Each structure stands twice: as C-alpha cells, then as structure tokens.
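Trainee: I'll drop the sequence and a predicted model, then ask my questions.
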Amino acid sequence: MFIDTHCHLHDAKLPDTDLVVNSYLRDGVDTVINMGCCSATSIGGRDLAEKYPSVYFATGCHPSDVNTFDQKEFDIIKSLCSHPKCVAVGEIGLDYYWQPFDKEKQKKAFISQIELAKSEKLPICIHSRDATGDMLSILKDNKDKLTYGAVMHCFSGSVETAKELLKLGLYISFAGPLTFKNARSVLDVAKIVPLDKCLTETDSPFLAPHPLRGTVNEPKNVAITTAFLAKLRGIELTEFASILSKNAQTLFYKLKAK
Ligand code: NI
C-alpha cells in the first residue's frame, strides 16, 4: 500500500535488516528505495535489492561525500545504473549546512550526476540544504537534462521555492518534518503541490515523524507521514496512498507495478 521513496537501510543506526524489512512489510509498506551516498553505499543498496524483493535502490554521491568523489567513484556509480532494480541516480545535490564544504566541488559532482542520469535514462533524487539559490540556478541551467524527471527529497523550503521546482517538472517529497509540531511553511507547501507531484518518504533512520520524533526512524513510518498528508489534503488514506504509489511508479518507472 505504501512506498518509502527514500531511506538508508544500510545505516548502522537501524536494527538488523531482516527485522526492519519484516516490520515494514507487516505494516503495509510494499516497496522501499534505498539511497546511495557514495560508491560503497550504492553497492550496498544493490546487494539489499538483490536480497529483498521489496527493496529497490538509487546510485549516487551525496553532496557531503564529494571529497572522495573521483573518476573511480563515478565509474562505479555509473556501472550500477543499468541494474534492473536501480531506479534513480541519488541522492545528489548541494549541502551548505554540514561544515566544512566545498561549493565548487559539490556543484561539479551534482552536474556530472545530472548528466549521468540523463545518459542512463534515470530520474534523480535531489538533496538540498541551505543552498536554495545555487540549487535553483543549477536546475534551471540544466533543465534540458532533467528528461527522466526529478524529486526534491524531504522538502522543507518555501511556497515560492516549491513553485519554482514544480515549474521545472519536479516532484516534491515530504518526510517526517511535515508532521512536527513546529512545522510552518512546509504545511503551506503540502497544501498546494498538485496531487500528481506528491511523494512521501522517511529518510530513515533520520527524521522520525511525530510522535516518534527523536527515535530511530524506520521505513514503516512512511505510513504516519502519508496519513498526515492525506488528512491535510482531505483525501481518504487508501485512495491517497494509491495516488502516491502511482506517482512513485511513474517517476521511478523501473519499480514493478504492485
Ligand atoms: Ni537521505
């Protein structure tokens, strides 16, 4: 019923993967997409996808990992794109929050992976933190390379930024922070994103939704954020979950129809 479009199953904070997978399957999550942050976690994602039918993966270098991003890393990330369960290039983007960071290196890695996604015919999963201006200008400059679509993961920006992203054809993905007691602008965004551009995710093991905030987040909790968004939009949960699953299957077209 539910799809967690962004999680990190290999993260050491999560318990044994068998337990995590069994737990989300029991709670109605039928598909998860494990993100790559470097070549090692992208390979790890592939291995999990080969082991568990419900796991798919993305391959990519996270902006906070660009210091080790070289030709060898790029070649490994690229080699995973043609795997039948590799549904996206991600997560890629810009992060000007975690110090120290090298803006130029991040931009270069981001653009090279946008180009990779186009040549491999895959959508991209974007991470953007404290980098809205540069993010928008890179996406606008590379609009013609977003042929296979893109999603802004864990969106937390303003309505204006969301509108710019929607103009570029992006999907907007909502995570646990939507449910936080102090959520403000993301609630306004969640009310205006067209239904066919909405996705939900956990970013597990991070950002557990209310009332689990502060605990280790698991993919099963995508049900909480999805239910919150369904209520906000005034749509019955089963119907809403099926709209979101269809959206995920449209963007990540290599997901098998459930
Ligand atoms: Ni992530």
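Mentor: It's in. Residues are numbered from 1 along each chain as shown.

Trainee: quick one: the helices in the stretch 1-150 of the chain?
Mentor: 17-26, 39-51, 71-80, 103-119, 132-141 (DSSP state H, counting those that start in this stretch).

Trainee: among those helices, which is nearest Thr226?
Mentor: Minimum separation from Thr226 across the helices of the stretch 1-150 of the chain (CB to CB) falls at helix 17-26, 12.6 Å. Quick note: C-beta positions are derived from backbone N, CA and C, even for glycine.

Trainee: neighbours of Leu166, how many?
Mentor: For Leu166, the neighbour count with other CB atoms under 10 Å is 17.

Trainee: then Leu237?
Mentor: So Leu237, with other CB under 10 Å, has 15 neighbours.

Trainee: what would the helices of the stretch 1-150 of the chain look like in CSV with mean pLDDT?
Mentor: What follows is those, written out as CSV (pLDDT from 0 to 100):
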stretch, mean pLDDT
helix 17-26, 97
helix 39-51, 98
helix 71-80, 98
helix 103-119, 98
helix 132-141, 98
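
Trainee: can you tell me which of those is most buried?
Mentor: Mean neighbours per residue, mean count of other CB atoms under 10 Å, is largest over those for helix 39-51, with a mean of 20.

Trainee: ok, back up a step: and the helices of the stretch 1-150 of the chain as CSV, adding distance to His6?
Mentor: Below are the helices of the stretch 1-150 of the chain laid out as CSV (distance: least, CB to CB, whole Å):
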stretch, distance to His6
helix 17-26, 14
helix 39-51, 12
helix 71-80, 17
helix 103-119, 16
helix 132-141, 17
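
Trainee: nearest to Leu207, of those?
Mentor: Across the helices of the stretch 1-150 of the chain, closest to Leu207 is helix 17-26 (CB to CB), at 15.9 Å.

Trainee: tell me the angle of that closest one relative to helix 39-51?
Mentor: If you take axes from the mean of the first three to the mean of the last three CA atoms, to 10 degrees, helix 17-26 sits at 60 degrees to helix 39-51.

Trainee: give me the contacts around helix 17-26.
Mentor: For helix 17-26, the external contacting residues (CB atoms under 8 Å, 6 or more residues apart in numbering) are Asp4, Leu9, His10, Leu14, Val32, Leu48, Tyr52, Ser54, Val55, Glu218, Pro219, Lys220.

Trainee: no more questions from me, cheers.
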